[in-house]
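Student: need a structure here:
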Amino acid sequence: MNGPMDHPPDAAAWRAQALAALRRGDLVLAEQAFSRLLEARPDDVEALQFLASRELGRGNATRAVEWLRLAQRARPRDAAILHQLGAAQVQAGDLRGAEASLREGLALAPGMFVARLRLGVLLEQQGRRHDAMMAYLAATHAAQAQGRWLSDETTAPGLRDAVKHAMQYIAAGRRELFDAVIEPLRQRYGRAELVRVDQCLAIYLQEQPAPLPDPRQRPHFLYFPGVPSRTFYPRERFPEQARLEAAVEVIRQELLTMLADAGDPLVPFLGAPAAEAVAARLLASTGRGEAAWDAFFFCRHGVRYDDNCARCPRTTALLDAMPLVRVRDHAPETLYSVLRPGTHILPHRGVTNTRLVTHLPLIVPPDCALRVGGEIHVWEEGRCVTFDDTFEHEAWNHSDRTRVVLIMDSWNPDLTEVERLAVTDLVAAIGDFNRSVPGL
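Tutor: Got it, this is the predicted structure:
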């Protein structure tokens, strides 16, 4: 009597037999069935990947690579195949080929965090420290964005040691990188001058908790310790603001001329229509019309708006003469802030207490105010007010007219000149680092 393997069924039947064997945990029969399936369909990807995994389990990485090359030819843009191929190439000792396969797969599917982790291991094995750290960091971000690797419970048991190693590697690499940024200033001015900067960096790297003296204050990005925690700052701390207040009529006239020009020179402060979700969280209407917070930027994130500066030359000259925060790609930020009638800027917090926000009120109708840390300030036209926006703060215009203030960022006066230099270099370096991470 003939046995069941003497007269092979068609491809569909072999696939069904293989899958049934897999469900029972019978890997030997599954391998036999997938092998017979390949006789009928030599480019069947499912069979090729299974047979490759069996060869890897036996330590035959070269044969596994051969199977996966066939699978890749059948599906050249399948990220999962490229990931599996990269893993097999690592075991086969083809590190260059493995890196190429993993990178190609990640270009197709950036969210494959295990592939990124495997790439990091590969790069670390080659002694490419910075590249390995970037891969590990991108893997961690991708995983945590999907709710994984947040704890042992959200990490697959077989990956826990590798993930913990990656996180330790990231921490050591970032510490080394940012230490190198500050070291020239330590050498020049002495370590004693940069003790608070060192503590600031340790807080940023989560090596120690932020010693926040006031629970109302929570910076989103960088907390600088050892400076007084204040909502509003005394006017006498900023004597240079007297020049702005003396020129308030000049500044207001340039504002009015700009607003009267043809065309609409204003832009939404919170960005283009793509930022509608952000606006929905931060703006509310208290009147009949839509909430609107507009801006006329002189500088934003350190980028100068030359056309706007040319339209208001005397205001620009006054701002240029101020001791503004200047950090590449981050500051200064100077603008006319235009709050439309019935608009409420909802409570939010800023990024760092190393810099403060100054308002020079230009047009202030009744029923307009600013609240910082629960303390209300009513703007007075021509009189500057400076506050720490890392405290929860909000502003509103309950009137039927537009409110306008000139905004600029100022260094926290409780930082020394050396500390300002260090923060300038450190923030720029952190920005460069974050922009260099793949997938962020």
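
Student: Which stretches in the stretch 151-300 of the chain count as helices?
Tutor: Listed in chain order, the helices of the stretch 151-300 of the chain (DSSP state H, counting those that start in this stretch) span 160-189, 195-204, 241-246, 248-260, 276-282.

Student: just those helices: most buried one?
Tutor: helix 195-204 (a mean of 19; mean count of other C-beta atoms under 10 Å). Heads up, the C-betas are built off the backbone N, CA and C, glycines and all.

Student: if we can go back for a sec, of the helices of the stretch 151-300 of the chain, which is nearest Arg129?
Tutor: Nearest of these to Arg129, taken as C-beta to C-beta: helix 160-189 at 6.6 Å.

Student: So for stretch 234-242, what gets flagged as buried?
Tutor: The neighbour-count check on stretch 234-242 (16 or more other C-beta atoms under 10 Å) flags Phe238, Gln241 as buried.

Student: quick one: contacts of it?
Tutor: Met322, Pro323, Thr358, Leu360, Cys384, Thr386, Ser410, Pro413 (C-beta atoms under 8 Å, 6 or more residues apart in numbering).

Student: returning to what we had before: to Arg24, which of the helices of the stretch 151-300 of the chain lies closest?
Tutor: helix 160-189 (29.4 Å).

Student: for stretch 325-343, which positions count as buried?
Tutor: Under 16+ other C-beta under 10 Å, the buried positions of stretch 325-343 are 325, 327, 330-343.

Student: from the contacts of stretch 234-242, which ones fall inside strands?
Tutor: Thr358, Leu360, Thr386, Ser410 (DSSP state E).

Student: mind checking how far the nearest residue to Val303 once chain neighbours are set aside is from Leu201?
Tutor: Nearest residue to Val303 in three dimensions, chain neighbours excluded: Asp329, at 7.9 Å (C-beta to C-beta, 6 or more residues apart in numbering). Asp329 is 19 Å from Leu201, where distance means C-beta to C-beta, to the nearest Å.

Student: Can you list the low-confidence ranges for the chain?
Tutor: 1-9, 262, 272-275, 438-440 (pLDDT under 70).

Student: And the strands in it?
Tutor: Using DSSP E, the strands of the chain run over residues 267-268, 283-285, 293-300, 303-304, 334-339, 343-348, 355-363, 368-372, 375-377, 385-387, 393-397, 403-411.

Student: what are the pairing partners of the fourth one, and which direction each?
Tutor: Within its sheet, strand 303-304 is paired with strand 293-300 (antiparallel), according to DSSP bridges.

Student: The strand it pairs with versus helix 248-260: what angle between them?
Tutor: Angle, strand 293-300 to helix 248-260, by axes from the mean of the first three to the mean of the last three C-alpha atoms, to 10 degrees: 110 degrees.

Student: Show me what strand 293-300 is in contact with.
Tutor: 255, 258, 265-270, 279, 282-283, 304-305, 308-309, 312, 315-316, 319, 331-340, 343, 345.

Student: which residues does Pro341 contact?
Tutor: Gly287, Gly289, Asn397, Ser399, Asp400, Arg401, Thr402.

Student: on that earlier part again, and the helices of the stretch 151-300 of the chain: which comes nearest Phe224?
Tutor: Per C-beta to C-beta, nearest to Phe224 of the helices of the stretch 151-300 of the chain: helix 195-204, 4.9 Å.

Student: what's the angle from that closest one to helix 160-189?
Tutor: Helix 195-204 runs at 170 degrees relative to helix 160-189, counting by the same axes, to 10 degrees.

Student: Mind giving me the packing neighbours of helix 195-204?
Tutor: helix 160-189, helix 417-435 (3 or more C-beta pairs under 8 Å, 6 or more residues apart in numbering; DSSP states H and E).

Student: and it with helix 417-435, angle?
Tutor: 20 degrees.

Student: List the neighbours of helix 195-204 that are in contact with it.
Tutor: For helix 195-204, using C-beta under 8 Å, 6+ apart, the contacting residues are 178-179, 182, 185, 191, 208-210, 222-227, 419, 422-423, 426, 430.
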